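S.K.: Pasted the sequence and its predicted model underneath.
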Amino acid sequence: MEWSSLLGLLGFFGANLAAALSGALFTPGEWYRGLAKPSWNPPDWAFGPAWAILYTLIAISGWLVWRKAGFAGAAVPLAIYGVQLVLNAAWSAIFFGMRRPDLAFFELIVFWIAILATIIAFWTVHRTAALMLLPYLAWVTFAGVLNFTLWRLNPVRA
């Protein structure tokens, strides 16, 4: 692998790490542990490994598109990719930081659309990169159902 390609890959991992840091800054804590949860809520330990795998796939996916077309050749797909990473980071801040499952759910809808838009945009550049994002979309779909359920089980009180 060429140095420029390796640096590009590290850059994509860095961007994903930046998004993941939101989850480290805004942790579930006692508030989350005290929420009523559905019986199908995954155990807390499952989220870390799931997101580690997903962030790896997301980083490699972006890198594959960049490597094939460059920033100039894939400006729109990579811009959409960047937007979905920002929305990814924002969800933790809203749900755990602000403790607002209601607002987090509506943000997650926009986030989900951004992931789907990224998949569609990547498809035109690198099909494998687009397919690598399908587990991410599936997980965020599940997270959306869970987010909605947590909101309904724990109404926000102003």
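M.R.: Noted; the coordinates are in hand.

S.K.: residues touching L57, list them.
M.R.: When contacts are counted by Cβ atoms under 8 Å, 6 or more residues apart in numbering, L57 is found next to M132, L133, P135, Y136. The C-beta positions use only the backbone N, C-alpha and C, and glycine is treated the same way.

S.K.: can you tell me which residues contact the second one?
M.R.: Right, the one you point to is L133. Listed by Cβ under 8 Å, 6+ apart, the contact partners of L133 are L57, I58, S61, I115, T118, I119, F122.

S.K.: now, among those residues, which is nearest to G23?
M.R.: I58 (13.6 Å; Cβ to Cβ).

S.K.: And the strand or helix carrying the closest one, how far out from the chain middle?
M.R.: Assigned by DSSP states H and E, I58 falls within helix 44-73. Distance of helix 44-73 from the chain centroid (Cα atoms, centre = their mean, to the nearest Å) equals 10 Å.

S.K.: before we move on, what about stretch 73-81?
M.R.: That offset, for stretch 73-81, works out to 17 Å (Cα atoms, centre = their mean).

S.K.: Report the mean per-residue pLDDT for it.
M.R.: For stretch 73-81, the mean pLDDT works out to 97.

S.K.: which residues are contacting that stretch?
M.R.: Outside stretch 73-81, the residues that touch it by Cβ under 8 Å, 6+ apart are 62, 65-66, 68-69, 71, 114, 117-118, 121-122, 124-125.

S.K.: ok, of these, which come out buried?
M.R.: Buried subset of the contacts of stretch 73-81 (neighbour count, 16 or more other Cβ atoms under 10 Å): G62, V65, W66, A69, A114, A117, T118, A121, F122, V125.

S.K.: From I80, how far off is the spatially most central residue of the chain?
M.R.: With distances taken as Cα atoms, centre = their mean, N88 lies nearest the centre of the chain, 4.1 Å away. Here N88 is placed at a distance of 13 Å from I80 (Cβ to Cβ, to the nearest Å).

S.K.: about what we covered before: could the contacts of stretch 73-81 go into a markdown table alongside distance to N41?
M.R.: Output for the contacts of stretch 73-81, formatted as a markdown table (distance: Cβ to Cβ, whole Å):
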| residue | distance to N41 |
| --- | --- |
| G62 | 30 |
| V65 | 34 |
| W66 | 36 |
| K68 | 39 |
| A69 | 40 |
| F71 | 40 |
| A114 | 25 |
| A117 | 29 |
| T118 | 27 |
| A121 | 33 |
| F122 | 31 |
| T124 | 37 |
| V125 | 37 |
